[in-house]
Structure formats: C-alpha cells, structure tokens
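In: give the three-dimensional model of this entry:
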Amino acid sequence: MSKFYSVNEVDKFDYKDCYITNILFGDSIQIEVEALIVKAGNSMNTNYTDSYAATTMIELTNAKISAGCIDGYKYYNANDELIRSVKDKPLNADECGKVLKDAVGDYLYDMEKTGDGVILNIETIDEENSNTVGDSYTIDIKCTDVNIGWDKYLNRVEK
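Out: Residues are numbered from 1 along each chain as shown. Take a look at the predicted model:
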C-alpha cells in the first residue's frame, strides 16, 4: 500500500499536467500516472500548497466501462468566424475500452466523480504529426470507489 492514500477525493486533485504511464485491467482498472497535482485541500496533503505527487496509481474498484465519445470541436478564423464544427461522436463500451488500452503516453487531463463512477477525459498525442494534440475522449466508467495512492511528494506547483 502507498504511503499516501486518498479514497473518493477525485476533486482534490488537479489533472492538467497528468499523463498516463501504464494501465492494468481486471476487477479494477488501475491507471498509473505522472505529474498528478495534489491540491492543498486534499486530506493527504500536509504541505498546504498544491504539490506534484511522484508516480501515482489510480484504482477504479469494481470498474465497468459504460460508454463515451470522441469530443467534438469548433475551428474559428482570426476574425472569430466559425470555419468548421464537428459534433461529439458516441462510442460504445468496447470502443472506449480500446481507447483506454491505447492511452499509455496520453494525457488524463481531467477526472470527475459521478454518482456511480467517474468520467475520464483523455487527450491523445498524434505521433504522426510531430507529437501534436490528437483526439480527445470522454469515457464514463462505473465503479464503487476511486483509490489514489502515491509514495512521495515532488515540487510545489508554480503558479
């Protein structure tokens, strides 16, 4: 077990710099991440400042992927005129599972607790186009708990 362990405090973390280094599937889904920010108000943060956690394991217990989508987007020109609009594209549970399996090296830019699980927001890296931003996905996962564990703190977050 990790030295620092947070249960169901999804909103007490900031995911803006967070990227996925490994994912394990079983009765739970375990997502290993780097650059997760522990907010000052987290029960495990005695530093009273937003701080980066070292390698962190996010465990979604009794997890079942429900559904999701490829996020839509809008492009505007310099005059703020809409050039192109793409709507969200729904994905079924199997398609979302494949997205999650392929997400190692991508960004987990947000996670939100829902009544019966979490919503993950993942932004892919387009390696074919000079490592630019690729598609972003919203994935709904039903789970009983969200356990987040890490062994040490790194630097304070610079504002």
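In: checking my notes, Gly97 in a helix, right?
Out: Yes: under DSSP: H, G, I helix; E, B strand; the rest coil, Gly97 falls within a helix.
In: identify the residues contacting it.
Out: Gly97 makes contacts with Ile65, as judged by Cβ atoms under 8 Å, 6 or more residues apart in numbering. No exception for glycine: its C-beta is placed from N, CA and C like everyone else's.
In: so where is the protein shaky, pLDDT-wise?
Out: Flagging of the chain using pLDDT under 70 yields the residue ranges 1, 127, 129-133, 159.
In: partners of the residue nearest to the spatial centre of it in the sheet?
Out: Geometric centre of the chain, nearest residue: Leu108, 2.8 Å, by Cα atoms, centre = their mean. As for beta bridges, Leu108 partners with Ile122 under DSSP bridges.
In: any idea how far Lys74 is from it?
Out: 23 Å (Cβ to Cβ, to the nearest Å).
In: quick check: bridge partners of Ile31?
Out: Going by DSSP bridges, Ile31 forms beta bridges with Ile23, Ile58.
In: just give me the neighbour total for it.
Out: Ile31 is flanked by 24 other residues according to other Cβ atoms under 10 Å.
In: can you check Glu32 too?
Out: Neighbour tally, Glu32, other Cβ under 10 Å: 15.
In: with Asp80 instead?
Out: Asp80: 6 neighbours (other Cβ under 10 Å).
In: which residues does it contact?
Out: No contacts exist for Asp80 under Cβ under 8 Å, 6+ apart.
In: from Lys74, how far out is it?
Out: 11 Å.
In: could you do Thr55 as well?
Out: Thr55 is 36 Å from Lys74, by Cβ to Cβ.
In: ok, those two, which is more surrounded?
Out: Thr55 (17 against 10).
In: quick check: that one touching Lys152?
Out: No: using Cβ atoms under 8 Å, Thr55 makes no contact with Lys152, being 9.1 Å away.
In: excluding sequence neighbours, find me the nearest residue to Gly117.
Out: Of all residues not flanking Gly117 in the chain, Lys142 sits nearest, at 4.1 Å (Cβ to Cβ, 6 or more residues apart in numbering).
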